[in-house]
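Student: Requesting a structural model of the entry that follows:
(one chain, ligands or ions: 1)
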Amino acid sequence: MLASDYQELRRIIYDRSGITLGDNKQQMLSCRLARRLRELGFSSEREYIQFLVSSEGEQEVEAMLEAVTTNVTSFFRESAHFDHLREQLESITGKGRNRVRIWCAAASTGQEPYTLAIVIDELMRALNRKLDARILSTDLSTEVLAQAYEATYQEKDLAPIPQQIRARQFEPVVSNGEKLFRVVERTRSLVTLARLNLAKPPFPMKGPFDAVFCRNVMIYFDDAVRGRLLEEIHRLLGSDGLLYVGHSEGLTGWDHKFERLAPSVYRKIT
Ligand SMILES: C[S@@+](CC[C@H](N)C(=O)[O-])C[C@H]1O[C@@H](n2cnc3c(N)ncnc32)[C@H](O)[C@@H]1O
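Tutor: Next up, the predicted model:
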């Protein structure tokens, strides 16, 4: 790929998703786009770019972003966060509160929001009490959102989930002859899925949220995009609301707005 083509693709990706590709990602981008070029019958990146920026290229930008983004996720990923959240929810609901609102900001294929839903469903079971709980789950990619909507996973994906919880939270289904596991309806119904571009605030939600999970996505953003996103998260969190970020993401420079409670767990300062 020519350096000038790489610069242009980088700019399009940044404008549309806020994702910053470093100077060393040229090879990676070239490999990931090679299939798209073949499928569409383009013989060079230049031709592909011309199509992307044309009026017919709008949908292809979406497809390109699908090829560029990383969707790696898992149930109970960075599991200490879910123990922390559960303790917080026990405390809130112990004071008589019934309403719980959580925003899962980069939900990918659903393992993260359904982990949150499982934590809440298991809490309701332990308390023997129904909570007014909702988990808003958003992502830029319609492809991963469609998978999240199915809520159907392979047995190996369920490995981090204790056996007893699996039995309560998943039901076996057969799809194309393959045995899969679907999150039970009771738990699925706590989750609402929607497309949202984190790089394009302001967001339509009003909040207030008790907790925001925005994990393993800010690493792809530069300071400007990250800053606008954190302002928006701060606005949408209720007082004392919690922000969970990925273990490799810190909130350096945001001490005036967020107080650190535990590794990669922050509380809004009002
Ligand atoms: C590595 S996954 C993280 C999934 C999950 N939060 C976790 O920690 O397991 C990153 C997700 O961020 C999404 N993403 C990337 N850029 C985004 C943007 N501008 N707005 C919303 N989601 C975005 C990707 O589609 C992908 O699903």
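
Student: What is the neighbour count of residue 225?
Tutor: By other C-beta atoms under 10 Å, the residues close to residue 225 number 20. C-beta: built from backbone N, CA, C; applies to glycine.

Student: can you tell me which residues contact it?
Tutor: 18, 20, 198, 199 (C-beta atoms under 8 Å, 6 or more residues apart in numbering).

Student: is the ligand contacted by the helix or strand where it lies?
Tutor: If you go by DSSP states H and E, residue 225 is part of helix 223-236. No - using C-beta under 6 Å from any ligand atom, we find that helix 223-236 stays clear of the ligand, coming within 7.8 Å at best.

Student: Walking through the stretch 1-150 of the chain, point out its helices one by one.
Tutor: With helices called from DSSP state H, counting those that start in this stretch, the stretch 1-150 of the chain shows them at 3-17, 26-40, 45-52, 58-68, 80-94, 111-127, 142-150.

Student: Next, the nearest residue to residue 92 once chain neighbours are set aside: secondary structure please.
Tutor: Spatial nearest neighbour of residue 92, chain neighbours left out: residue 210 (6.7 Å); criterion: C-beta to C-beta, 6 or more residues apart in numbering. Under the three-state scheme (DSSP: H, G, I helix; E, B strand; the rest coil), residue 210 adopts strand.

Student: quick one, what contacts the nearest residue to residue 257 once chain neighbours are set aside?
Tutor: Residue nearest to residue 257 in three dimensions, not counting chain neighbours: residue 234, with 5.2 Å by C-beta to C-beta, 6+ apart. By C-beta under 8 Å, 6+ apart, the contact set of residue 234 is 257, 258, 268.

Student: and if you look at residue 90?
Tutor: residue 123.
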